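S.K.: My questions concern the predicted model and sequence given below.
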Amino acid sequence: MGRVMLLAHLLLFALAPAGLALHDYGKALSKSILFFEAQRSGYLPSNQRINWRGNSGLLDGKANRVDLVGGYYDAGDNVKFGLPMAFTITMMSWGIVEYGKQMAASGELGHAMDAVKWGTDYLIKAHPEPYVLYGEVGDGNTDHYCWQRPEDMTTSRQAYRIDVEHPGSDLAGETAAAMAAASIVFRRSDPSYSNQLLTHARQLFEFADKYRGKYDGSITVAQKYYRSVSGYGDELLWAAAWLYEATDESSYLDYLGNNGDALGGTGWAMTEFGWDVKYAGVQVLVSKFLLQGKAAQHSSVFANYRQNAESFMCSCLGRGSRNVQRTPGGLLFRQRWNNLQFVTSASFLLTVYSDYLLSSGQNARCSSGTAAPSELFDFAKSQVDYILGNNPRGTSYMVGYGSTYPQQVHHRASSIVSVKVDPTFVSCRGGYATWFSRKAGDPNLLDGAIVGGPDAYDNFADERDNYEQTEPATYNNAPLLGVLARLNGGNGGFNQLLPVVLPKPTIPTKPKSGTKTPVTGAFSPFTVKQTATTSWIAKGRTYYRYSVTVTNNSPKTAKGLKLTISKLYGPLWGLEKARNGYGLPSWIESLPSGKSLEFVYIHSAAQADVWVAGYTLV
């Protein structure tokens, strides 16, 4: 009998190797940040690391006479939705605020801050007046009718806004929270930018509170995709909490104390946290203020916030009066579509709250007894480990991490050949016929993307049309940054209740003039070298002459060379204008192996972005 039991245990061990897998959280952190570069809209910088993406959405806002170029696409489509984008920025910023020191130790703080700034630069543009906020660019209905990479978009880029006559307290409140949280991130490294963000946050909170209403009643095209089911009470409290965290001003603390009951902060005990429902996040932040001894006369009210925060923790642990469902493999499960968004956000709250409790020497109180901080943290780790591959399928749900991960991601840009490899235009419906219906893996690796994940029984179908499971989203990744930094760097004796002091990061910058820049096209054998050869002053402005050398490092001859140049504001010589870029001059048929092509341009700005967008080797 003993031998039979031993054999059974050995068999179970053999069948479940993933359950014992150890993970490289530093690598997972790097990849999770990298994903945001694939989601960028607008003019891509020269330090762009996702090489298969190109510029896109360059006329966003023009029809509305406002500059809305930039920001992030939310998921596998090409629409810029303001509510999930702002939540993404808030959560990335929160992760940096709590675990920036661990990110710095792993060399990722600069990249994480760069990801936040790409979002806040856009949010600043989207808020051109105190009581005006643009909350969407593009239309989900027309966008979903097409399957095009963002560089080829032919769909509507209409922009939609909220204002005094068309309010949106949830959208304005979430954007205020994002601006306030990000202001803490940049407080030391860029005080001027930090103050700018804080000004926008104050104005947006006033707008949200003074002119109340649900944003999807004003921006009705968002209803089918990002409907505000929870209303705006949670976002008003969320914004106030982040403004207090950023300013330490008592007026925001009083707002939390005086409006906790009316807006639901003290009454709603939630079992989910995400882009729509912020109550659990508010309750965790207010609990932090209470544990820091900052509650003042609002201690009894803040204690109610804390009770609801711990109700959330206990429901995740399975020790509450109303618990979150789990799959047989142990994953938190809330809904069939994109369930992992709730797993990553819950994991962050569990992680940060465990550190608040650890720093104060306290436990969480559940209906079935107390839960130690280590229990919360260990459960959060188990959820992250499941995502990274410790699950019944042995599948990583982070693209590019591990030996087995999704290959047919529901994502327009990654599923269509890069415009830099083949610039042939992909039409609206042609993309469905040619690329969406392919059963092969994606031509471009969407490194670091967290997809929707498995169903309630740990099943997963890696199929491009299975959008419920294979579509990624920015708000899936955003909460994971802080958790992965904490897992990789450890606690290190940090007290999460002390004031935030982030180390100065090394922010990724553009290469200096004269340095060799690898061409960003995937599999490209070319290098581009730019040099500022002279400069002069005319009418008070400094002009520069740039010499650009493109070298063919391939052993073959290149024909049909196409170059894309962005951020060019002056004349250019040595190339001929072509569709979607520039081509070789008519007297040059090809670029032989080892040979170089030179052209020049003049403008009164830093060097333009130049890359090879297409070619044929013969």
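M.R.: Sure thing, it's come through.
S.K.: Surely Pro555 is in contact with Ser593?
M.R.: Yes: contact status for Pro555 versus Ser593: in contact at 5.3 Å, counting by CB atoms under 8 Å. No exception for glycine: its C-beta is placed from N, CA and C like everyone else's.
S.K.: Quick one: low-confidence residue ranges for the stretch 401-550 of the chain.
M.R.: 506-524 (pLDDT under 70).
S.K.: More neighbours: Pro555 and Ser593, which one.
M.R.: Ranked by neighbour count (other CB atoms under 10 Å), Pro555 and Ser593 place Ser593 first, with 13 against 9.
S.K.: Show the contacting residues for Tyr25.
M.R.: The contact partners of Tyr25, by CB atoms under 8 Å, 6 or more residues apart in numbering, come to 384, 484, 487-488.
S.K.: Apologies, that question was intended for Arg365.
M.R.: The neighbours of Arg365, taking CB under 8 Å, 6+ apart as the test, are 307, 310, 371.
S.K.: Separate out the buried members of these.
M.R.: Buried residues within the contacts of Arg365, counting neighbours by 16 or more other CB atoms under 10 Å: 310, 371.
S.K.: now the strands for the stretch 401-550 of the chain?
M.R.: For the stretch 401-550 of the chain, the strands identified by DSSP state E, counting those that start in this stretch occupy 516-518, 526-538, 541-552, in order along the chain.
S.K.: In CSV, list these along with distance to His23 and mean neighbour count.
M.R.: Below are these laid out as CSV (distance: least, CB to CB, whole Å; neighbours: other CB atoms under 10 Å):
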stretch, distance to His23, mean neighbour count
strand 516-518, 30, 13
strand 526-538, 36, 14
strand 541-552, 41, 17
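S.K.: The spatially most central residue of the chain and Tyr215: what is the separation?
M.R.: Nearest to the geometric centre of the chain sits Thr474, at 3.9 Å (CA atoms, centre = their mean). The spacing between Thr474 and Tyr215, counted by CB to CB, to the nearest Å, is 18 Å.
S.K.: and stretch 162-171, what's its mean pLDDT?
M.R.: The average of the pLDDT scores along stretch 162-171 is 98.
S.K.: which residues are in contact with that stretch?
M.R.: For stretch 162-171, the external contacting residues (CB under 8 Å, 6+ apart) are 82-83, 86, 131-133, 135, 172, 207-209, 211-219, 228, 230-232, 234-236.
S.K.: can you pull out the helices in the stretch 251-400 of the chain?
M.R.: Here the stretch 251-400 of the chain has its helices, by DSSP state H, counting those that start in this stretch, at 279-291, 299-317, 340-360, 373-388.
S.K.: closest to Glu272 out of those?
M.R.: Of all the helices of the stretch 251-400 of the chain, the one in closest proximity to Glu272, counting by CB to CB, is helix 340-360 (5.5 Å).
S.K.: Out of the contacts of stretch 162-171, name the ones that lie in strands.
M.R.: 133, 135 (DSSP state E).
S.K.: Just the ones in helices from the contacts of stretch 162-171, please.
M.R.: 82-83, 86, 172, 207-209, 234-236 (DSSP state H).
S.K.: from these, which is closest to Ser194?
M.R.: Using CB to CB, Ala86 comes nearest to Ser194 of the ones in helices among the contacts of stretch 162-171, at 17.4 Å.
S.K.: if we can go back for a sec, so the residue nearest to the centre of the chain sits right up against Thr88, yeah?
M.R.: Yes: counting by CB under 8 Å, a contact exists between Thr474 and Thr88, whose distance comes to 4.3 Å.
S.K.: Quick check: neighbours shared by those two?
M.R.: If you check Thr474 and Thr88 against CB under 8 Å, 6+ apart, the residues they both contact are Tyr72.
S.K.: This protein - how does it break down into domains?
M.R.: Taking the TED database as the criterion, the chain consists of the domains 25-489, 526-617.
S.K.: which one of the ones you listed is the most hemmed in?
M.R.: domain 25-489 (a mean of 22; mean count of other CB atoms under 10 Å).
S.K.: ok, Gln102 to Asn491 distance?
M.R.: Relative to Asn491, Gln102 is positioned 9 Å away (criterion: CB to CB).
S.K.: Output the strands of the stretch 401-550 of the chain as a markdown table; include the columns distance to Thr266.
M.R.: Supplementary listing: the strands of the stretch 401-550 of the chain in a markdown table, determined by distance: least, CB to CB, whole Å:
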| stretch | distance to Thr266 |
| --- | --- |
| strand 516-518 | 55 |
| strand 526-538 | 58 |
| strand 541-552 | 58 |
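S.K.: what about stretch 67-83, how long is it end to end?
M.R.: 19 Å (CA to CA, to the nearest Å).
S.K.: and that stretch, what's its mean pLDDT?
M.R.: Stretch 67-83 shows a mean pLDDT of 98 in the predicted model.
S.K.: Also stretch 373-391?
M.R.: Per-residue pLDDT values across stretch 373-391 average out to 97.
S.K.: close enough to count as contact, Lys567 and Ala608?
M.R.: Yes: with contact taken as CB under 8 Å, Lys567 and Ala608 are classed as touching, separated by 4.7 Å.
S.K.: give me every residue that touches the nearest residue to Leu68 once chain neighbours are set aside.
M.R.: In space, and not counting its chain neighbours, Leu68 is closest to Gly61: 3.0 Å by CB to CB, 6 or more residues apart in numbering. With CB under 8 Å, 6+ apart as the criterion, the residues that contact Gly61 are 67-69, 125, 134, 137, 159.
S.K.: a strand runs through Ala28, doesn't it?
M.R.: No: inclusion of Ala28 in a strand is not indicated when DSSP: H, G, I helix; E, B strand; the rest coil is applied; the result is helix.
S.K.: Distance of it relative to Asp447?
M.R.: 11 Å.
S.K.: Equivalent analysis for Ser41, please.
M.R.: Shown here: Ser41 relative to Asp447, a distance of 18 Å by CB to CB.
S.K.: which residues does Ala440 contact?
M.R.: By CB under 8 Å, 6+ apart, the residues touching Ala440 are Gln408.
S.K.: what's the distance between it and Asn308?
M.R.: If you measure Ala440 against Asn308 using CB to CB, the figure is 48 Å.
S.K.: cool, and Ile565?
M.R.: Relative to Asn308, Ile565 is positioned 54 Å away (CB to CB).
S.K.: The closest residue to Ser230 other than its chain neighbours: what's it in contact with?
M.R.: In space, Ser230 comes closest to Val277 once its chain neighbours are excluded; the distance is 4.5 Å by CB to CB, 6+ apart. With contacts defined as CB under 8 Å, 6+ apart, the neighbours of Val277 are 229-230, 234, 270.
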